[in-house]
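S.K.: From the sequence below, what's the structure:
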Amino acid sequence: MARTVAVVVGSLRKESINRKLAKAIAGLLPDLKFDFVDLGLLPLYNQDLDGNAPKEWVDFRTKIKAADAVLFVTPEYNRSVPGVLKNAIDIGSRPYGSSVWDKKPCAVVSASGSAMGGFGANHHLRQSLVFLNMPTMQQPETYIHIGEDYFAADGSVADARAKPYIKKIADSFAAWVEQQLK
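M.R.: Down below sits the predicted model:
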């Protein structure tokens, strides 16, 4: 039975480099089932709605809860994660004591057009994941600078120097998930 990985991309743009990177990683792991979870329609978290959660919250929580693991792929906004990703984390962690994130193995990948590759967002997200009790893959650390011609027309990684590294990330994540779910 294939493990299911919820893919949470911290960017809403259709042509997001982070979405492309997430798809490229997923394409390297045919033995895992990847479920891309849309964050764009999630209403902002408001504790007053916990007793009567919007359908979008319920659907989101159900998808995350059904997954065996989570792959976070995010850009960096102002040295942190985008608001849409923080909102999703909050929705999944509430109501208190009912977190859908608890004990799900995960990895954090950040990508940016800048040379730092989303370092700040990556580490800021990791702080939340510790609190959420999510075993997080530590190596390889993944902050990727994505320049022009990084992706091929089919969505795969075209950059010859990057291909082995992306494969290493994908393989390490698959092994991490298996190790954590034994």
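
S.K.: Need phi/psi at His123.
M.R.: Main-chain dihedrals, His123, degrees, to the nearest 10: phi -70, psi -30.

S.K.: 817 is where my numbering starts, stick with that
M.R.: Fine by me, first position is 817 from now on; the one you just mentioned is His939.

S.K.: so how far is Asp970 from the residue nearest the centre of the chain?
M.R.: To find the centre residue of the chain, average its C-alpha atoms and take the closest one (Cα atoms, centre = their mean): that gives Phe888, at 1.2 Å. According to Cβ to Cβ, to the nearest Å, Phe888 stands 24 Å off from Asp970. The way it works is simple: take the backbone N, C-alpha and C, and place the C-beta from them, glycine included.

S.K.: for the record, mean pLDDT for the longest helix seen in the chain?
M.R.: Looking only at the chain and at elements set by DSSP state H, the helix with the highest residue count is helix 979-996. For helix 979-996, the mean per-residue pLDDT is 96.

S.K.: How about stretch 880-891?
M.R.: Averaging the model's pLDDT scores along stretch 880-891 yields 98.

S.K.: Just checking: what are the partner strands of the lowest-mean-pLDDT helix or strand in the chain?
M.R.: Lowest mean confidence among the helices and strands of the chain (mean pLDDT, DSSP states H and E): strand 959-961, at a mean of 93. The partner list of strand 959-961 in its sheet, established with DSSP bridges, is strand 922-928 (parallel).

S.K.: what sits up against the partner strand?
M.R.: Residues from elsewhere that reach strand 922-928 (Cβ atoms under 8 Å, 6 or more residues apart in numbering): 833-834, 837-838, 841, 885-892, 933-935, 937-938, 941-942, 945, 950-953, 958-962, 985, 988-989, 992.
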